[in-house]
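[1] here are the coordinates; sequence isn't available:
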């Protein structure tokens with residue numbers, strides 16, 4: 001089937017310019033997916049003629065989308081020039097908004113982070129938090145040496161779910177005022193960059209799939225345990241968000257509290273670890289989940305009991321995910337994920353007692369960078385399209 005036939009089936013008018021653009025995109029995608037290649041190799045792998053490949057590569061090179069990266073000398077024949085996508089053709093911005101930290105990174109089109117900043121989130125209002133995001137993003141871009149107009153797309157990860165119609169975040173319980181309408185519109189305007197907003201657990205799942213232990217998994221669940229509780233689900237490389245973007249909001253599952261019914265998030269979080277440690281007799285005015293886990297490593301009885309209880313409660317979360325989703329892998333991450341080494345045994349032991357459904361449970365490879373790298377990966381998907389359209393049209 002020719003390119004003209006494909007275009008006709010898709011209801012698109014066929015013309016030579018569209019054919020050239022299709023060929024150029026085909027070659028660019030091949031180079032990005034499988035690495036540098038010569039003209040002859042690209043012709044063999046794509047089925048395009050050598051003259052067509054040469055013409056398309058020339059156009060891509062003139063547009064600044066590909067560049068020469070070396071040569072290959074075969075045993076027979078002439079030395080061949082190798083081409084690869086030019087990573088400096090454009091840039092993407094990733095942002096992770098958390099209650100304790102704000103993380104911002106700029107990445108080139110190869111996904112390499114060229115600049116980043118992690119700052120304490122001391123904002124006391126939603127407006128101050130929006131100002132902090134804008135100021136930090138500007139600082140990171142300025143420090144990267146990248147011109148602001150070369151940053152073509154941004155993605156923000158945040159607790160809660162972004163409502164596109166109302167243009168605000170919902171269910172961000174731990175960020176007071178963050179659900180105010182217009183905050184993200186304001187950030188878009190001040191940054192001057194198209195900006196998407198996604199749930200942090202969903203982005204963490206995509207980050208882990210792209211750069212971490214989730215790579216190659218058919219269906220895996222990423223459980224984000226920190227200030228709150230969330231879950232992202234990636235199936236066949238694609239994020240599953242449900243009918244209203246609420247899939248994975250497991251923090252809202254009911255949990256039988258001691259005095260009154262609670263949410264699962266109240267039982268499985270950093271706050272729950274601290275509360276359990278206090279209940280078992282651990283003291284300290286500024287007690288944190290990290291302090292509890294550190295004490296457990298030193299053999300503190302109250303801390304050990306609190307960590308064991310947290311592991312057992314996480315096992316209930318994994319059991320629920322296993323029954324509904326049948327994942328081949330469950331990844332534990334977030335702030336509590338730093339201490340997964342202490343949690344894995346109680347999680348697995350309790351899981352055996354709870355259910356015959358026992359997916360593989362592993363710690364996140366990306367740690368607290370999962371949301372940020374997921375934001376970068378998501379922004380890159382759009383940035384590559386934007387850069388190709390801009391530069392190929394201009395050339």
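    Structure's in. What do you need? Predicted model only: the values in this text are computed from it and were never measured. Numbering: from 1, shown residues only.
[2] Quick one: low-confidence residue ranges for the chain.
    Per-residue confidence for the chain (pLDDT under 70) gives these ranges: 1-15, 75, 77, 257-261, 395.
[3] Which strand residues bridge residue 233?
    residue 221, residue 240 (DSSP bridges).
[4] Same question for residue 155.
    According to DSSP bridges, beta-bridge pairing links residue 155 with residue 94, residue 196.
[5] Could you count how many residues lie near it?
    Neighbourhood size, residue 155 [other C-beta atoms under 10 Å]: 27. For the C-beta atoms, the positions are set from N, CA and C on the backbone; glycine is no exception.
[6] can you check residue 163 too?
    As a burial measure, residue 163 scores 16 neighbours (other C-beta under 10 Å).
[7] Now do the residue lying closest to it once chain neighbours are set aside against residue 178, distance only.
    Nearest residue to residue 163, sequence neighbours excluded (C-beta to C-beta, 6 or more residues apart in numbering): residue 170, at 5.4 Å. Going from residue 170 to residue 178 by C-beta to C-beta, to the nearest Å gives 10 Å.
[8] Residues that sit against both of these two, list them.
    residue 160 (C-beta atoms under 8 Å, 6 or more residues apart in numbering).
[9] Which residue of those two possesses the greater neighbour count?
    Applying other C-beta under 10 Å to residue 170 and residue 178 shows that residue 178 carries more neighbours, namely 24 against 15.
[10] which ones are touching the nearest residue to that one once chain neighbours are set aside?
    Take residue 178 and drop its neighbours on the chain: the residue closest to it by C-beta to C-beta, 6+ apart is residue 172, 4.4 Å away. The contact partners of residue 172, by C-beta under 8 Å, 6+ apart, come to 158, 159, 160, 178, 179.
[11] wait, isn't the fourth one in contact with residue 162?
    No. In this structure, residue 178 sits apart from residue 162 without contact. The criterion is C-beta atoms under 8 Å, and the distance is 10.7 Å.
[12] Now do the shared contacts for those two.
    residue 169.
[13] Distance check, the residue lying closest to residue 244 once chain neighbours are set aside against residue 109.
    In space, and not counting its chain neighbours, residue 244 is closest to residue 161: 7.8 Å by C-beta to C-beta, 6+ apart. Taking C-beta to C-beta as the measure, residue 161 falls 29 Å from residue 109.
[14] How about the secondary structure of the residue nearest to residue 178?
    Classification of residue 172 by DSSP: H, G, I helix; E, B strand; the rest coil places it in coil.
[15] on that earlier part again, pretty sure the residue nearest to residue 244 sits against residue 178.
    No. If you go by C-beta under 8 Å, residue 161 and residue 178 don't touch, sitting 11.6 Å apart.
[16] Mind listing the shared neighbours of the two?
    residue 169.
[17] Would you map the strands across the stretch 101-250 of the chain?
    Using DSSP state E, counting those that start in this stretch, the strands of the stretch 101-250 of the chain run over 101-108, 113-120, 151-158, 161-163, 168-170, 195-199, 219-225, 229-235, 238-240.
[18] Let me have the ones you listed in JSON lines, extended by distance to residue 375.
    Output for the strands of the stretch 101-250 of the chain, formatted as JSON lines (distance: least, C-beta to C-beta, whole Å):
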{"stretch": "strand 101-108", "distance to residue 375": "8"}
{"stretch": "strand 113-120", "distance to residue 375": "11"}
{"stretch": "strand 151-158", "distance to residue 375": "4"}
{"stretch": "strand 161-163", "distance to residue 375": "13"}
{"stretch": "strand 168-170", "distance to residue 375": "15"}
{"stretch": "strand 195-199", "distance to residue 375": "7"}
{"stretch": "strand 219-225", "distance to residue 375": "14"}
{"stretch": "strand 229-235", "distance to residue 375": "12"}
{"stretch": "strand 238-240", "distance to residue 375": "13"}
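[19] just these: most buried one?
    Mean neighbour count (mean count of other C-beta atoms under 10 Å) peaks for strand 219-225 among these, with a mean of 28.
[20] who touches the residue nearest to residue 163 in this structure?
    By C-beta under 8 Å, 6+ apart, residue 170 lies in contact with 160, 161, 162, 163, 179.
[21] Next one: the nearest residue to the first one once chain neighbours are set aside from residue 387, what distance?
    In other words, residue 160. For residue 160, ignoring the flanking residues on the chain, the nearest one in space by C-beta to C-beta, 6+ apart is residue 172 at 3.3 Å. Counting by C-beta to C-beta, the gap between residue 172 and residue 387 amounts to 32 Å.
[22] Kindly report the same for residue 211.
    With distances taken as C-beta to C-beta, residue 211 is found 21 Å from residue 387.
[23] again with residue 228
    From residue 228 across to residue 387, the span is 35 Å (C-beta to C-beta).
[24] Please apply the same query to residue 129.
    Distance, residue 129 to residue 387, by C-beta to C-beta: 30 Å.
[25] quick revisit: higher neighbour count, residue 211 and residue 387?
    The neighbour comparison of residue 211 against residue 387 (other C-beta under 10 Å) goes to residue 387, with 25 against 18.
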